[in-house]
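J.: Give the three-dimensional model of this entry:
(one chain, ligands or ions: 2)
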Amino acid sequence: MASLFLRRRLSPSRSILSDYRESDRLPWRLKFGTLRPFSSSGVATQVDFTDLTQPHTWYPCARRKSRNVILHVGPTNSGKTHHALKQLESSSSGVYCGPLRLLAWEVAKRLNKAKVPCDLITGQEREEVDGAQHKAVTVEMADVTSDYDCAVIDEIQMLGCRTRGFSFTRAILGISANELHLCGDAAAVPLIQEILKVTGDNFKVQHYDRLLPLVPLKVPLGSFSNIETGDCIVTFSRRMIYRLKKQIENGGKHLCSVVYGSLPPETRTRQATMFNDASSEFDVLVASDAIGMGLNLNISRIIFSTLMKFDGVEHRQLTIPEIKQIAGRAGRYGSKFPFGEVTCLDREDLPLVHSALDSPSPIIERAGLFPNFDLLYMFSRLHPEKSLHQILEHFAENAKLSANYFIANCEDMLKVAAIIDELPLGLHDKFLFCISPVDVNDEISFQGLTQFAQNYAKNGIVRLREIFTPGTLQVPKTPTALQELESIHKVLDLYVWLSFRLEDSFPDRELASSQKALCSMLIEEFLERFGWQKPNARILPRRTSLSSMFAPDVRQHVKFLKNI
Ligand SMILES: Nc1ncnc2c1ncn2[C@@H]1O[C@H](COP(=O)(O)OP(=O)(O)OP(=O)(O)O)[C@@H](O)[C@H]1O
Ligand SMILES: [Mg+2]
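T.: Ligands and ions are numbered 1, 2, ... in the order given. Alright, predicted model coming up:
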């Protein structure tokens, strides 16, 4: 359906940045420099903008409707999303909201293939299809000011996520649709039921069972010589992923695809495709928990090499939902395997995996919440002396919440705000940089953001070439060089994200996109050709080598990021 993907002039899209139609603006008015709301009697009273106890009132469009909410719950691979999408396909207009770009891509592809024209809107992509009444979006891009016949919010249990949960809460409370389908883990049911008590919506739960059995094995893998085609080894650090890939490939019987979070999403998809393709020789997967969502994988057996992971704060054991989500990827309906199996590398890990698979996920008790820009702005008008960092901190520490909610963790935003507050920018621009998809734990990505913000504050326009110096972008030869290329990809991705929000100031979207594509091709080249396969291992002539595709003179045009 490629011909359907005609790009139209982009309409401004609403996202998490602003949630109100002009006509729905909150009744705040400026009077003598002080913000006061006007009650129906016209009497002005002081407002406490940190009172977030009634978040359902932030969404007037949704509140005008009595929505039919259908919660599809069950284990992984039980057909929840499939059934919700069937309803979306047959609706007159609708939106799919997923937690990952990969999921939005899949749904847009599926609907367009089913002759239901569907736009794709993520932070970094706008592909609009002529005549489309449907959209597939990442949850942060959900528009809470439009009316839909049908909406789907996927992986709804993420409303309990400490950093991104608030975007799911916003979508649940704010999407204005006749039918709202929520898909995910049963652990979210009581909370959603509680949250929706005040909205006047109708509510129904539909339970699902796994489409194919999942069998926890009684014996561990023991040795890598027992690896078989269709196996997926799970580990949680990049270093271990490459070490295991090397170890398995050195056995001379298998080649490994890899999937982990910091690989570009398009690379993850292509690695998954290669693993799924029976004619490819990459028949084993080494992956992190990034396989838990968004990729269709023909895995026959999940093997946990460890049950410990570093989560950015501490080195800890996997939780029950994490074990279930990862293990559940084995035995996908429609793959060539009649059921899925789960085991561990070491015998001592088996009891935990068995008990996790036997236990229900703990009930999710509270949903994430965070003020949108309008509330932050109102608050800043009352406290003009406060920096964005101070405002965010104030909300994080003092916001008043009802028992069903927690305030989202905004540590990453605070790190960005600490830098951005130094620059002569307005609050809106500062907030924009704070919610951008920068990886604050990646030094190169963070430096990229800082440089973009500085150049924007200084010149009002940021040319991509300003932060590139001439050089050659090469196929990485070591995992360290690979990591650097992954980071450069993140910086380019960030440029594209900014270009959709500050179009005139970040005019080089096309260049950034093409460089991004080149980065992911070079990364894939490394993964396919310069992995640790034995010299006599069979190398796939599947694709023309990049080195031959990009003659040196063409590669001259590729530039490295300056100051990195
Ligand atoms: N009734 C069906 N007919 C054909 N294919 C189906 C059907 N139900 C599910 N599938 C396919 O089975 C696979 C798993 O279904 P689906 O993705 O809906 O499961 P899920 O419960 O949402 O799992 P996840 O935990 O991955 O979100 C998908 O590839 C889907 O297209
Ligand atoms: Mg699903």
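J.: hey, let's count contacts and neighbours off CA atoms from now on
T.: OK.
J.: Return the per-residue confidence for Lys562.
T.: For Lys562, the pLDDT comes out at 39.
J.: Please tell me how far the residue of the stretch 201-350 of the chain found nearest ligand 1 sits from Ala108.
T.: Residue of the stretch 201-350 of the chain nearest ligand 1, by Cα to the nearest ligand atom: Tyr333 (4.5 Å). Going from Tyr333 to Ala108 by Cα to Cα, to the nearest Å gives 21 Å.
J.: picking up where we left off before, show me the contacts for the residue of the stretch 201-350 of the chain closest to ligand 1.
T.: By Cα atoms under 8 Å, 6 or more residues apart in numbering, Tyr333 lies in contact with Asn77, Leu211, Leu212.
J.: could you redo these as TSV and give each row pLDDT, distance to Thr267 and neighbour count?
T.: Output for those, formatted as TSV (pLDDT from 0 to 100; distance: Cα to Cα, whole Å; neighbours: other Cα atoms under 10 Å):
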residue	pLDDT	distance to Thr267	neighbour count
Asn77	93	23	22
Leu211	96	28	16
Leu212	96	28	17
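J.: element containing the residue of the stretch 201-350 of the chain closest to ligand 1, please.
T.: Following DSSP states H and E, there is no helix or strand that holds Tyr333.
J.: Quick check: phi and psi at it.
T.: With angles defined as degrees, to the nearest 10, Tyr333 sits at phi -60, psi 130.
J.: can you list the residues of the protein near ligand 1?
T.: Within reach of ligand 1 by Cα under 6 Å from any ligand atom, the chain has these residues: Thr76, Asn77, Ser78, Gly79, Lys80, Thr81, His82, Tyr333.
J.: pLDDT score assigned to the fourth one?
T.: Meaning Gly79. 96.
J.: separation between it and Tyr208?
T.: In terms of Cα to Cα, Gly79 sits 7 Å off from Tyr208.
J.: The two: which is more packed in?
T.: Taking other Cα atoms under 10 Å, Gly79 and Tyr208 do not tie; Gly79 has more neighbours (19 against 16).
J.: mind listing what that one touches?
T.: Tyr208, Arg210, Leu211.
J.: what about it, distance to Gly98?
T.: For Gly79 relative to Gly98 (Cα to Cα), the value is 16 Å.
J.: and Asp130, how many neighbours?
T.: 14.
J.: no wait, Leu502
T.: 17.
J.: What residues sit buried inside the helix or strand where Gln483 lies?
T.: If you go by DSSP H and E, Gln483 is part of helix 479-501. For helix 479-501, the buried set under the neighbour-count rule, 16 or more other Cα atoms under 10 Å, comprises 482-501.
J.: what angle separates the helix or strand hosting Phe431 from helix 479-501?
T.: Here Phe431 sits within helix 427-434, counting by DSSP H and E. Angle, helix 427-434 to helix 479-501, by axes from the mean of the first three to the mean of the last three Cα atoms, to 10 degrees: 150 degrees.
J.: Wait, a strand at Met341?
T.: For the record, residue 341 is Glu, not Met. Yes. Assignment of Glu341 by DSSP: H, G, I helix; E, B strand; the rest coil places it within a strand.
J.: those strands in the stretch 201-350 of the chain, which residues are they?
T.: For the stretch 201-350 of the chain, the strands defined by DSSP state E, counting those that start in this stretch occupy 202-207, 214-216, 231-234, 255-259, 282-287, 301-304, 308-310, 315-317, 340-344.
J.: okay, the helix or strand following the last one in PDB with CA atoms only?
T.: In the C-terminal direction, the helix or strand that comes right after strand 340-344 (DSSP H and E) is helix 350-358. Once non-C-alpha atoms are left out, helix 350-358 reads as follows in PDB (Å, rounded to 0.1, in the frame of the first residue of the first chain):
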ATOM      1  CA  LEU A 350      14.400 -22.100  37.700                       C
ATOM      2  CA  PRO A 351      12.200 -21.900  40.800                       C
ATOM      3  CA  LEU A 352      11.700 -18.100  40.500                       C
ATOM      4  CA  VAL A 353      10.700 -18.400  36.900                       C
ATOM      5  CA  HIS A 354       8.300 -21.200  37.700                       C
ATOM      6  CA  SER A 355       6.700 -19.300  40.600                       C
ATOM      7  CA  ALA A 356       6.500 -16.100  38.600                       C
ATOM      8  CA  LEU A 357       4.600 -17.800  35.700                       C
ATOM      9  CA  ASP A 358       2.200 -19.300  38.300                       C
END
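J.: Just name whatever secondary elements the helix or strand following helix 350-358 is in contact with.
T.: Using DSSP H and E, the helix or strand that follows helix 350-358 towards the C-terminus is strand 367-369. Judged by 3 or more Cα pairs under 8 Å, 6 or more residues apart in numbering; DSSP states H and E, strand 367-369 is in contact with helix 165-174, strand 405-407.
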